[in-house]
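In: Below: sequence and its predicted model.
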Amino acid sequence: MKKFLAAIILFLLTSNAAAQENSPEVDRGVASVKQKKFDFSAETRFFAPNLNAHIKAADFRYKDGRVDLRDDLNFTRGTASEILFKYKNFSVDWIHLHGAGKSSGGEINFSKKIFSGERDSRSDIHFVRLKMDREIFSLMGSGLEWNVALNALGWHGTTRSENSSATKNYFAVLPSVGINLYMRIRPRLDIYAQFSGLPLGYHGRFSDFESGIKYFPQKNFSISAGWRRIDFKLRRGGELSNFVLSGPFAGLRYDF
């Protein structure tokens with residue numbers, strides 16, 4: 001099965017390379033952008049994820065169960081800011097999502113303080129990925145890479161009522177391994193998909209999938225759009241957390 005999939009990928013890449021070689025409209029400067037390895041790149045994105053997140057801990061419970069950040073704290077959906085820096089084979093990806101809302105009804109144990117009635121809550125989610133990519137092969141702007149990464153997720157939440165306030169923090173780090181596939185379908189147009197993950201069985205899981213399209217107006221400048229899903233679930237002792245961010249994004253990248 002692995003040999004069959006590898007043969008399909010190789011066939012697509014060689015067919016694509018031949019088509020570009022014979023096409024009279026190929027811009028050689030742009031077509032070689034993957035062959036020219038830029039040392040440094042910076043990218044900014046607008047990421048609009050749907051959030052599905054909950055935490056269950058001894059000091060963080062709602063109605064004797066988990067706390068759903070969206071439903072129980074009324075975490076409103078917003079646009080996340082994202083910045084990516086890459087130096088040679090190493091990259092740093094940072095996502096920040098902020099939300100705030102009013103909620104009421106039921107008692108919530110928020111960091112060992114009990115709140116009932118109306119309350120104002122604020123939440124900040126940070127996701128940081130440190131990744132190293134290694135090339136398996138490349139051909140005419142298309143190729144395949146494998147990667148290893150460390151993925152950190154942090155949440156900082158506060159809630160306030162008329163007479164009290166409380167703060168709760170969460171932080172966890174999980175490793176992952178994965179692959180990156182990119183393909184030149186037109187002289188100035190790429191499609192790509194990348195995945196990294198780690199199954200932990202009873203203790204949780206991590207996965208990060210992204211697919212999209214890139215357009216190169218210039219060989220060191222690109223515009224991208226796509227879809228991404230991050231799933232971070234971890235059980236530590238009596239604490240259980242699950243954060244899922246999924247949605248579309250658009251970005252601008254410059255290579256130096």
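Out: It's in.

In: so residue 41 sits in a strand?
Out: Yes. The assignment for residue 41 by DSSP: H, G, I helix; E, B strand; the rest coil puts it in a strand.

In: For it, list the residues it contacts.
Out: With contacts defined as Cβ atoms under 8 Å, 6 or more residues apart in numbering, the neighbours of residue 41 are 84, 85, 86, 253, 254, 255, 256. (C-beta placed from N, C-alpha, C; glycine too.)

In: make it 6 Å
Out: The neighbourhood of residue 41, defined by Cβ atoms under 6 Å, 6 or more residues apart in numbering, consists of 86, 253, 255.

In: Show me these that map onto strands.
Out: The strands in this structure, assigned by DSSP state E, contain 86, 253, 255 from these.

In: my read: the second one touches residue 43, true?
Out: Read it as residue 253. Yes. Taking Cβ atoms under 6 Å as the definition, residue 253 is a contact partner of residue 43 at 3.8 Å.

In: one step back: can you list the ones in strands among the contacts of residue 41 in a markdown table and add distance to residue 73 and pLDDT?
Out: What follows is these, written out as a markdown table (distance: Cβ to Cβ, whole Å; pLDDT from 0 to 100):
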| residue | distance to residue 73 | pLDDT |
| --- | --- | --- |
| 86 | 35 | 97 |
| 253 | 34 | 97 |
| 255 | 40 | 95 |
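
In: For PyMOL, what selects the buried ones among these?
Out: Selecting the buried subset of those in PyMOL, with 16 or more other Cβ atoms under 10 Å as the burial test, is done by:
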select buried, resi 86+253+255
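
In: possible to save the ones in strands among the contacts of residue 41 as JSON lines with distance to residue 127?
Out: As requested, the ones in strands among the contacts of residue 41 are exported to JSON lines (distance: Cβ to Cβ, whole Å):
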{"residue": "86", "distance to residue 127": "17"}
{"residue": "253", "distance to residue 127": "19"}
{"residue": "255", "distance to residue 127": "24"}
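
In: which one of the ones in strands among the contacts of residue 41 sits closest to residue 102?
Out: Ranking the ones in strands among the contacts of residue 41 by separation from residue 102, with Cβ to Cβ as the measure, puts residue 253 on top at 38.1 Å.

In: Please name the residues that touch that closest one.
Out: Under the contact definition (Cβ under 6 Å, 6+ apart), the residues listed for residue 253 are 41, 43, 222.
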